[in-house]
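A.B. asks: Structure here, sequence nowhere to be found:
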């Protein structure tokens, strides 16, 4: 099916998409004028506006068959009020029921906003609503390309109507690609280079296997790397720690001033440094192990004992720590301005350590925040690695303008870790609230609903 | 879609990192966006600098310029998310109004994602802790779904779904399959979440969603004018009977029901198959029951009633509550067991020796209910003489309607 879901600027149409064009159109969307227009014209405009958003991939005749004039709704009940009276009060009095002046008038149920509720049952729309794809079209592509399972079985029909209780799952890699920021041209080039290298190395391996006797060069390389390691070993452990922490801090500080390429360099450097430190302890398998063991390995290596912290230092830094705990708890992307403080504490500690080199290396000077920094950097490195073979920019970050479209309707229960969701029930309207996400006002919804009643 | 390939470098939009001074200048220009504001100065300068050698018409229209001006100016706030808070288009409008001096708008905290639709709100999702707590209670502590739902203020269907999803997540973790952890973290930062409170009573007071939703029944759609004498009691049970056109209850029955309403409701909820039916043939349907019986947690109504009648005996009330839930669960189990037995009885299983298959046979029921009066009913299995199958005809939809778990 050809994609006609364009987002033109001159005649704006709202689409099920997270693109910035769509955002701009959404921002300047106004209600269509009603004065000087016939009722037919109003309905036509409303219907065409609404259909451009709701299921534009569905043919009009197909949708006309799906349309149902009966709209599902619920009323939330209070068990206490049900227990207090059996409803006879409503029929008492003069027919309209006894009036209760304290009771607030219940809000109206927005039935007409639910016109397109049957379309929310479609698999492609549900995938878009669960935020697994950046547009309904992309969701459709995922389904057609076989990246989606329903109840554990591959489902290739985007028009599959989900039943309540159906569990659908999209491949996490696809979701990361759909929701992640795209690669820039340098990253694309990097990916090409690595791919070429991998192919070359594979070829070389194959050749080596064929010949079976080409080991001299490899040995040479290994020996040089070992020499380098030896040189590094001679360096002061204090220095290595300092460098490590500085790098960790830089990784965590997710400021926009730092260029992505530079951040990546730092991340890589940090990764290398951690590897180097760990390899010196001859526990090279640690990196493959869990994060906790990695971290504990690092700490034991650096002889850092956070429990044996000097009390005097602690009291000095109480103020700064109280400020920075918020920072370390909050997510890495928020730490921009306040992140300087643990860094200052760090440099001060190292300066003091440098002033009296007679004392033993005081890695116990590290505060909890600094350990947190180190730990966070490690976590981030494991969960969100740099990998130029991925189709999205690494380390993964959400694509631009994603948050403006971020909501998850209640009829879905989504587990984002594994990119799976359960379609709990059909969307319903309740007093003052409708569950079908639609960008249009009630005026448009009502007119579209009357259009499909087919009495035009 | 406007052309994706830019045939000239756009100074103010595409290279935010490299040309920071120019972005700032463009944002100052677009401070006050009117609907059809154009910025001719910007356009002319960009044309002069970039398009001196090209003879094709500039791809950048007025609207496009406007769009990039908005994206770099006001819309720049939407580019990246702010952890722990929403970041919607409507927020920009509120901010604009707040600048103009409207303080009421600023005070509103819940912002709809779509500026024109106040009826759709971004509702919170379950936080990781709450999800783990639900799983722990159901799987490890063996609490019933009903109890967990009431305690944590989460719908029963959602509780079931959470258990399924967490189970799946654990299995995938065990198998070493890839997961989308940074993505999940980002989503939980963008979307509001319901926390797990330290005291679970807080979760009951601030529930995730309303757990006692009464679905609006089709029979209640028409408006019915039904005269009732003033001396008569007319309550929810009677209203349900009127809606389903059932005759009014006898006075003796009414008095009996009024004496013990809890008993009546529990009898309905525990034996849903024994609800009185009305109508004939295809039109046969159950009499519409009162809301007390049709909500997901009818035992809560009984609990409240008991509590109102015994206001000072909290322990007694709690014990009765637990007892009621236990009875409910036992009745549920019994009902499921009977249904399963009934299903088993209809199936004949044959497993030939030296075969790894088990064959299950079920008797075909050919009756007026399955094949219909004319013998062409779609419900009944098998080919019937003179009844064509249309599955090779044009326009037949072959998309599966359900996937068995």
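C.D. replies: Perfect, I can see it now. Note that the structure is a prediction, hence the values are computed from the model and not measured.
A.B. asks: Strands of the stretch 101-250 of chain B, residue ranges please.
C.D. replies: Using DSSP state E, counting those that start in this stretch, the strands found in the stretch 101-250 of chain B span residues B:125-126, B:193-194, B:213-215.
A.B. asks: Mind checking these for the one nearest to residue B:156?
C.D. replies: Among these, strand B:213-215 comes nearest to residue B:156, with 10.6 Å by CB to CB. Just so you know, the C-beta spots here come from the backbone N, C-alpha and C atoms, and that holds for glycine as well.
A.B. asks: How about the residues of the stretch 1-150 of chain B by chain A?
C.D. replies: The stretch 1-150 of chain B comes close to chain A at residues B:1-2, B:17, B:35, B:61, B:63-64, B:67, B:70-71, B:75, B:78-84, B:86-89, B:92, B:113-117, B:119-123, B:125-126, B:131, as judged by CB under 8 Å from any CB of the partner chain.
A.B. asks: Check the strands of the stretch 101-250 of chain B for me and report the most buried one.
C.D. replies: Most buried of these by mean neighbour count (mean count of other CB atoms under 10 Å in any protein chain shown) is strand B:125-126; its value is a mean of 24.
A.B. asks: now residue B:306, nearest residue through space, not along the chain?
C.D. replies: Leaving aside its chain neighbours, residue B:306 sits nearest to residue B:320 (5.6 Å; criterion: CB to CB, 6 or more residues apart in numbering or on different chains).
A.B. asks: Between the two ends of stretch B:274-287, what distance do you get?
C.D. replies: One end of stretch B:274-287 to the other measures 11 Å (CA to CA, to the nearest Å).
A.B. asks: show me the residues around residue A:402 that make contact.
C.D. replies: Residue A:402 is in contact with A:18, A:134, A:179, B:81, B:186, B:190, counting by CB atoms under 8 Å, 6 or more residues apart in numbering or on different chains.
A.B. asks: So the first one versus residue A:392, what's the distance?
C.D. replies: By that I understand residue A:18. Going from residue A:18 to residue A:392 by CB to CB, to the nearest Å gives 14 Å.
A.B. asks: Same check on the fifth one?
C.D. replies: When CB to CB is applied, the distance between residue B:186 and residue A:392 equals 13 Å.
A.B. asks: shaky segments in chain A?
C.D. replies: Within chain A, the segments meeting pLDDT under 70 span A:93-99, A:212-371, A:375-377, A:379-381, A:455-456.
A.B. asks: top helix in it by residue count?
C.D. replies: Ranked by residue count, the top helix of chain A under DSSP state H comes out as helix A:185-211.
A.B. asks: quick one: it near chain B?
C.D. replies: No - if you take CB under 8 Å from any CB as the test, helix A:185-211 misses chain B, and the best it gets is 11.8 Å.
A.B. asks: Please parse chain B into its domains.
C.D. replies: Following automatic domain parsing, one gets these domains for chain B: B:1-53, B:125-205, B:223-344, B:362-405.
A.B. asks: Please work out which of those domains is packed deepest.
C.D. replies: Mean neighbour count (mean count of other CB under 10 Å) peaks for domain B:125-205 among the domains of chain B, with a mean of 18.
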